[in-house]
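Enquirer: Pasting the sequence and the predicted model now:
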Amino acid sequence: MAWMKVCEALRAQPGQKVVIKGWIRTRRDSKADGGLSFLQVHDGTCQDPIQVVARSDLPNYASEVARVTTGCAVEAEGTLVASQGQGQAVEVAASVVRVVGWVDDPDTYPVPQKRHTFEYLREVAHLRMRTNTFGAVARVRHTLACAIHRFFDQRGFFYIHTPIITASDCEGAGQMFRVSTLDMLNPPRTPEGGVDFSQDFFGREAHLTVSGQLNVETYCCALSRVYTFGPTFRAENSNTSRHLAEFWMIEPEIAFADLAADADLAEEMLKYLLDDLLTRRADDMAFFDQRIEKGLIERLKHIVGSSFRRLPYTEAIGILERAQASGDAHFEFPVRWGLDLQSEHERYLTEQHFKQPVVLVNYPKQIKAFYMRLHAPGTDGAPGDTVAAMDVLVPGIGEIIGGSQREERLDVLDRRIEEMGLKKEDYWWYRDLRKYGTVPHAGFGLGFERLIQFCTGMQNIRDVIPFPRAPKQAEF
RNA sequence: UCCCCGAUAGCUCAACGGUAGAGCGAGCGGCUGUUAACCGCUAGGUUCAAGGUUCGAAUCCUUGUCGGGGAGCCA
């Protein structure tokens, strides 16, 4: 008899013998026909469980079958038959039901068949994937990850494994987690009294990476089209529904390319991913559409079908100022050229003004990183210097992608490093790329969890990663 | 880190200075080819912690811890 995944059995022709293995979602009993039990069994392979019908003439019916509860692990052998009831096309008429693992005490089982809040389920993260929502999130996460690799592979990109540990403190994206084997209670000291990191494992200070970008640029300047997809760590004390201390990021980098090509790549990729997800995980997406965010599928389809608006920062400031002046919008924070846009401004642009994803480009240089390419003065009619940066803003999430064309001119790069008060020596290998066959190149970072939020409608980022790490949160 | 809100049964919440309750879940029973099942019964509480006010505190005050929403930082 063939062991069938539930997803296969639900689509199979009636009449064949099958074995189903999984966990009980619910049991319903009936005294009709001499007594029978309906077992909803799921194995995580798809959104729907399969119904196993167990009759009272099974030898272990009274002793076991009639006593199984939500969460029990079972194996069922039987015949796949057309269902007599409503709600499912096929079901398993069981000849054997074996209880593989009991639930010790149903009264204390943390995820019985009832509604749970996501906040509660976070406290039982080792069991929450047994619920329909978190099972769906896990499958969507997998499907998106595969689609990302497929998207890049089909376009000739190479997947580069950039390091998790970095000994350079020059990545410049905020607080980092230290990596050390020193005795924290009694570290070796320098004559000045500081910690002597020369005696540490790497012979210098080391941290977890906050971005693979600088490393992947080196491969870009040799293999032309590359990307990273790995974990990233930020030690910021961020307590929001959009931030994690450990998250996954996709960072493509393309050579012989400018910001326009970068934005085109970002748009093409997002559309590919949405379209692929809607096709491959139609069951889970229907679930999210129905139970998590009404209209989700229409929203995603609309994005796949429309082109993203490109909008220079300087023009965005004009739009925001006019919206404020006309009373269309009331902003808490000031709108002025040279200031960074606040969440409320970004949300206004993407959610109210354009009602579609917006690619904001060409920001003032003073609010962006040193490695972003400096524009010629007066680009977009801007009153100050701008750089070739872009943020992709989407309704509901805000910034989902941040990217830029990189500064490939060594003299300009050096000037920027100095302006920002950084040390050229720290960037010696990064600067070498500009000395030896430098080339215009660009790239961006896509937050994987934010992508999943965007695709599922899940409100809190801690619910789209298996075991979230955030301030004061590292259980499991 | 800042602002606001919250913490009471396994879960979600009520009780608004005077005897701690309901729904869901769980257990038992009834009914039904059932499927958000339905009907009945039962069990279930150091009201987050520590202090304070009061004759009396789940309720008021202080501090802390944890959680949620928003902001900043960003992806």
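Expert: Everything's here; your move. No experiment lies behind these values; they were computed from the predicted model shown.

Enquirer: Tell me which residues touch A:F197, please.
Expert: Going by CB atoms under 8 Å, 6 or more residues apart in numbering, A:F197 touches A:180, A:182, A:203-205. C-beta: built from backbone N, CA, C; applies to glycine.

Enquirer: now what about stretch A:459-476, what contacts it?
Expert: With CB under 8 Å, 6+ apart as the test, stretch A:459-476 has contacts from A:118, A:121-122, A:125-126, A:129, A:133-134, A:137-138, A:141, A:237-239, A:241-248, A:449-450, A:452-453, A:456, A:458.

Enquirer: Now list the buried members of these.
Expert: In terms of neighbour count (16 or more other CB atoms under 10 Å), the buried residues within the contacts of stretch A:459-476 are A:121-122, A:125, A:129, A:133-134, A:137-138, A:141, A:242-248, A:449-450, A:452-453, A:456, A:458.

Enquirer: and which of the contacts of A:F197 is nearest RNA strand B?
Expert: When the contacts of A:F197 are ranked by distance to RNA strand B (CB to the nearest atom of the strand), A:E205 comes first, at 20.1 Å.

Enquirer: can you give me the helices in chain A?
Expert: Per DSSP state H, chain A carries helices over the ranges A:6-9, A:118-122, A:132-154, A:213-223, A:259-280, A:282-287, A:296-305, A:313-326, A:343-347, A:410-419, A:428-435, A:448-456.

Enquirer: okay if I get those helices as TSV plus mean pLDDT and distance to RNA strand B?
Expert: Shown next, in TSV, are the helices of chain A (pLDDT from 0 to 100; distance: least, CB to the nearest atom of the strand, whole Å):
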stretch	mean pLDDT	distance to RNA strand B
helix A:6-9	95	14
helix A:118-122	94	4
helix A:132-154	97	11
helix A:213-223	96	8
helix A:259-280	97	10
helix A:282-287	95	13
helix A:296-305	92	16
helix A:313-326	93	13
helix A:343-347	90	4
helix A:410-419	94	15
helix A:428-435	95	16
helix A:448-456	95	5
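
Enquirer: Point out where chain A drops to low pLDDT.
Expert: A:169-173 (pLDDT under 70).

Enquirer: wait, doesn't A:A323 sit right on A:I317?
Expert: No: judged on CB atoms under 8 Å, A:A323 makes no contact with A:I317 at a distance of 10.7 Å.

Enquirer: joint contacts of the two?
Expert: With CB under 8 Å, 6+ apart applied, the contact sets of A:A323 and A:I317 do not overlap.

Enquirer: which residues touch the nearest residue to A:R450 once chain neighbours are set aside?
Expert: Nearest residue to A:R450 in three dimensions, chain neighbours excluded: A:I400, at 5.0 Å (CB to CB, 6 or more residues apart in numbering). Residues near A:I400 by CB under 8 Å, 6+ apart: A:270, A:392-394, A:446-447, A:450-451, A:454.

Enquirer: same thing but at 7 Å, please
Expert: Shown in contact with A:I400 (CB atoms under 7 Å, 6 or more residues apart in numbering): A:392, A:394, A:446-447, A:450-451, A:454.

Enquirer: cool, A:T162 as well?
Expert: A:T162 makes contact with A:212, A:215-216, A:228, A:230, according to CB under 7 Å, 6+ apart.

Enquirer: Using a markdown table, lay out the residues you listed together with distance to A:T162 and neighbour count.
Expert: As requested, the contacts of A:T162 are exported to a markdown table (distance: CB to CB, whole Å; neighbours: other CB atoms under 10 Å):
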| residue | distance to A:T162 | neighbour count |
| --- | --- | --- |
| A:G212 | 3 | 28 |
| A:N215 | 4 | 22 |
| A:V216 | 5 | 22 |
| A:T228 | 5 | 24 |
| A:G230 | 7 | 17 |
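
Enquirer: Span of stretch A:341-349 from start to end?
Expert: Taking CA to CA, to the nearest Å, stretch A:341-349 runs 10 Å from one end to the other.

Enquirer: hang on, I meant stretch A:67-86
Expert: The first and final residues of stretch A:67-86 sit 24 Å from each other (CA to CA).

Enquirer: So for that stretch, what gets flagged as buried?
Expert: For stretch A:67-86, burial by neighbour count (16+ other CB under 10 Å) applies to A:68-74, A:76-78, A:80, A:83.

Enquirer: Quick one: mark the members of these that sit in strands.
Expert: Under the assignment DSSP state E, those contribute A:73-74, A:76-78, A:80 to strands.

Enquirer: Distance to A:S63 added to those, as JSON lines?
Expert: Formatted as JSON lines, these follow (distance: CB to CB, whole Å):
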{"residue": "A:A73", "distance to A:S63": "17"}
{"residue": "A:V74", "distance to A:S63": "14"}
{"residue": "A:A76", "distance to A:S63": "16"}
{"residue": "A:E77", "distance to A:S63": "18"}
{"residue": "A:G78", "distance to A:S63": "19"}
{"residue": "A:L80", "distance to A:S63": "26"}
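
Enquirer: what does the stretch 301-450 of chain A put close to RNA strand B?
Expert: Counting by CB under 7 Å from any atom of the strand, the stretch 301-450 of chain A comes close to RNA strand B at A:333, A:340, A:342-344, A:398-402, A:445-447, A:449-450.

Enquirer: Show me how to select, in ChimeraX, the buried members of these.
Expert: With 16+ other CB under 10 Å as the criterion, this ChimeraX line picks the buried residues out of these:
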select /A:344,398,399,400,401,402,445,446,447,449,450
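
Enquirer: Show me what the strand ranked longest in chain A pairs with in its sheet, parallel or antiparallel.
Expert: In chain A, ranked by residue count with DSSP E as the criterion, the top strand is strand A:17-30. Sheet pairing of strand A:17-30 (DSSP bridges) gives strand A:2-3 (parallel), strand A:36-42 (antiparallel), strand A:73-82 (antiparallel).

Enquirer: can you give me the offset of the first one from its chain's centre?
Expert: Centroid displacement of strand A:2-3 relative to its chain, using CA atoms, centre = their mean, to the nearest Å, is 34 Å.
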